[in-house]
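[1] mind looking at a prediction? Sequence and model below.
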Amino acid sequence: MQITSLITGKVRDEAKALDTTRALVALRSEGIVDLIIFSTWMGELDAYPALKDYFRQQNIFVVEAPEQKMSIQESHQKIPLLAALNLLDANNYVTRHRFDRVKPSPTFREHLVAIRAHGAEATSYSWTPNKHRITVNSALLDVPFFLSDIVFSGMRDDLLELISIDGMTQLYWSNHINPEFSFFANGFMPYYPEIGDYLATYPGLSYGNEEKWKALKLAQRDTEFYARITALYYFLVSACFQVGYGGKTAPQGDQPISLETLLFEYGGWRQYPDTRWFGQAGHPYVKSREKFDAIVAGKYAASDFSARLGHYLEYYKQHIPTRKRIGLPKLSSEALGYAQSQIAHGLRIPPFAGQIEQDGLRHKYWTSQIGGSEATLQRNSSAQEWGEWEVF
C-alpha cells in the first residue's frame, strides 16, 4: 500500500501553506507518507513564488486543472481533488488536507502508522458504496451529513465512489449547502434519495445565533422527516466512517444518551465530556465515532423523538438499498412537512425546484428565500394538472 498526502484548493496564506507542507515532508522523511501532491487550478501558484520553489526543491508533485465556471464548492474543493485522485492507482491510501487549517498532529501520524501496518478498516456492510471506512476529522451531531472537510482520508477507490460532481448538486444545492455536505452525501444519494430531499430543504447553520438555533430546533422536533434523516445519518456514519484521528476529550461511558438534551437543549452538549461546541457554526460535534455507535445500538434515553429515531434506525439496519437513478427531485411529503415547519418557525429555506406527487397528480413547485412566522407553503389554487407551490 502507498500512502499519498494530497493538498487541494486555494493557497490563501503562503506561511501557513509552507508550515503544512513541511509537516507532510517530515512524515515522508520518516517513511510514513510516500508521495505528496498539491492539486489546484492553473495559475494559482504563480502568486506564491516561495511556495512554488519549495515544492520544486522537495519534489512535490503539482497537478493543475482548468478552473471551471461553477459553484465555489465544486470548482475550488472537488475538481482539484478528483484530478489528483484519478492519477493514482487503487493501492493508494489518500489523506486530503487544506492549507488554511491544521497541520498534521501526532495522533494523525499514529493513524497513518496503523493504516500502513493493518490496512484500512472495512465498512460494516458489504453493500455500501465505499468498502473501507473513510476517516473524517469531526462530525456534527445535530446537522445530518455535516462531516468536517479539514482533513479526511481513505482508500482511493472509496473516495472516488463517494465524491463526485453532478448536475443535480450544481442546479439545486451547491449555492446554499456547506461544502462539507457535498463531499460524501452525494455518494449515498443514489441509494437513499431522501438525502436529496434533506439538502433541498436544508436551512443552514445557526452561526452562533441563539434565536435561530432555537427556531431550528422547534422545526426539527415537530417533524417526522428530521427524525428519519438523523437516523440515516447516524446509521451511515456508524457503518461507513471513522470519526477523528485520536485525542478525543473523554469516553462516552455507559449512561444512556438523552437526545432531547443533546439535540434540542441549547448548551445541552456540556453534559457529555466527549462532545464539543462548534462555536462558529453553533452546533455540537464529536471527534470520535463512539456516540454514533452508541445511538445506533439503542443506548439512548426514552423520549418521543428517540422513539421515532429508533424506528427508522431499525428500518435502515434491516433494509438493503438498491442503487437508483437520480433525476429531478421529487420532494417527499415528509420533506415538504419539514420545509413547512421551518417556515412556520420563521426560518428561511433555500430555493429549490422540481416536482411533487400528491393526490395522484404531479405538481411543479418552487420556494423563495422569503420567510416569516406567517409564511405558508401552499399550492396555487388556480393550477390544474400542473400547479405551482409558492411561499407567501
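    Looks like it came in fine.
[2] how about the strands in this protein?
    Ranges of strands within the chain are 2-8, 35-41, 61-65, 92-97, 134-136, 139-140, 151-155, 241-243, 275-278, 283-286, 353-358, 361-366, 377-379, 389-391, based on DSSP state E.
[3] from the contact counts, what lies against the third one?
    Secondary-structure packing of strand 61-65 (3 or more Cβ pairs under 8 Å, 6 or more residues apart in numbering; DSSP states H and E): strand 35-41, helix 79-85. The C-beta positions use only the backbone N, C-alpha and C, and glycine is treated the same way.
[4] now render the ones you listed as TSV, adding mean pLDDT.
    Putting the helices and strands packed on strand 61-65 into TSV (pLDDT from 0 to 100) gives the following:
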stretch	mean pLDDT
strand 35-41	92
helix 79-85	86
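[5] would a markdown table of these with mean neighbour count and distance to P190 be doable?
    What follows is the helices and strands packed on strand 61-65, written out as a markdown table (neighbours: other Cβ atoms under 10 Å; distance: least, Cβ to Cβ, whole Å):
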| stretch | mean neighbour count | distance to P190 |
| --- | --- | --- |
| strand 35-41 | 21 | 26 |
| helix 79-85 | 22 | 18 |
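[6] what's the closest of these to L141?
    helix 79-85 (25.9 Å; Cβ to Cβ).
[7] packing partners for the closest one?
    Right, helix 79-85 is packed against strand 2-8, strand 35-41, strand 61-65, helix 156-162 by 3+ Cβ pairs under 8 Å, 6+ apart.
[8] where among the ones you listed is the average confidence lowest?
    In terms of average pLDDT, strand 61-65 trails the rest of the helices and strands packed on helix 79-85, at a mean of 87.
[9] strand 35-41 and that strand, what's the angle between them?
    Angle, strand 61-65 to strand 35-41, by axes from the mean of the first three to the mean of the last three Cα atoms, to 10 degrees: 20 degrees.
[10] number of nearby residues for H311?
    H311: 13 surrounding residues under other Cβ atoms under 10 Å.
[11] measure it to W127 for me?
    Separation of H311 from W127 (Cβ to Cβ, to the nearest Å) stands at 21 Å.
[12] can you check D89 too?
    Distance from D89 to W127, by Cβ to Cβ: 25 Å.
[13] neighbour count for those two, which is higher?
    For D89 versus W127, neighbours defined as other Cβ under 10 Å are more numerous around W127 (11 against 8).
[14] would you mind measuring from the nearest residue in space to the more buried one that is not next to it in sequence to Y191?
    Distance criterion Cβ to Cβ, 6 or more residues apart in numbering; nearest residue to W127, sequence neighbours excluded, is I320 at 5.4 Å. According to Cβ to Cβ, I320 and Y191 sit 9 Å apart.
[15] those two: who's more crowded?
    Y191 (16 against 9).
[16] got the contact list for the more buried one?
    P129, P321, T322, R323, K324 (Cβ atoms under 8 Å, 6 or more residues apart in numbering).
[17] dump the residue contacts of E67.
    W41, M42, G43, S75, I79.
[18] of those residues, just say which sits nearest to K16.
    The closest of those, once distances to K16 are taken by Cβ to Cβ, is W41, at 19.1 Å.
[19] setting aside sequence neighbours, what's the nearest residue to that closest one?
    E67 (4.0 Å).
[20] report pLDDT for the one you found.
    Confidence at E67, expressed as pLDDT, is 70.
[21] what's the distance between it and I163?
    Distance from E67 to I163, by Cβ to Cβ: 18 Å.
[22] repeat that for Q220.
    For Q220 relative to I163 (Cβ to Cβ), the value is 28 Å.
[23] next: E260.
    Counting by Cβ to Cβ, the gap between E260 and I163 amounts to 35 Å.
[24] with neighbour numbers in mind, choose between the two.
    It is I163, of E260 and I163, that has more neighbours when counted by other Cβ under 10 Å, with 21 against 17.
[25] so that one sits against F188, correct?
    No. At 11.5 Å, I163 and F188 do not qualify as touching, with contact defined as Cβ atoms under 8 Å.
[26] just give the closest residue to L160, not the sequence neighbours.
    L85 (5.5 Å).
[27] do the same with D46
    Nearest to D46 is K52, by Cβ to Cβ, 6+ apart, at 7.7 Å.
[28] can you check the pLDDT for that neighbour?
    Predicted confidence (pLDDT) for K52: 93.
[29] can you check the one 4 residues further on too?
    R56 carries a pLDDT value of 94.
[30] for burial, what's the neighbour tally of it?
    Other residues near R56 come to 10 when the count uses other Cβ under 10 Å.
[31] next one: it from A17, what distance?
    From R56 to A17 the distance is 14 Å (Cβ to Cβ).
[32] next: E64.
    In terms of Cβ to Cβ, E64 sits 16 Å off from A17.
[33] of these two, give the one with the bigger neighbour count.
    Taking other Cβ under 10 Å, E64 and A17 do not tie; A17 has more neighbours (23 against 15).
[34] ok, that one touching L45?
    No. Here A17 does not reach L45: they are 9.9 Å apart, not a contact under Cβ under 8 Å.
[35] so what sits against both of these two?
    Common neighbours of A17 and L45 (Cβ under 8 Å, 6+ apart) are V11, L51.
[36] show me the helices in the stretch 101-250 of the chain, by range?
    Counting by DSSP state H, counting those that start in this stretch, the stretch 101-250 of the chain has helices at residues 106-118, 156-162, 167-168, 179-188, 194-200, 210-221, 224-240.
[37] adding distance to F152, write the contacts of E67 out as a markdown table.
    Formatted as a markdown table, the contacts of E67 follow (distance: Cβ to Cβ, whole Å):
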| residue | distance to F152 |
| --- | --- |
| W41 | 21 |
| M42 | 25 |
| G43 | 26 |
| S75 | 19 |
| I79 | 17 |
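[38] can you list the weak-confidence ranges in this structure?
    In the predicted model of the chain, residues 68-76, 101-102, 165-177, 247-254, 279-281, 325-331, 348-392 satisfy pLDDT under 70.
[39] can you rerun that using 50?
    Judged by pLDDT under 50, the chain has its weakly predicted residues at 248-249, 351-392.
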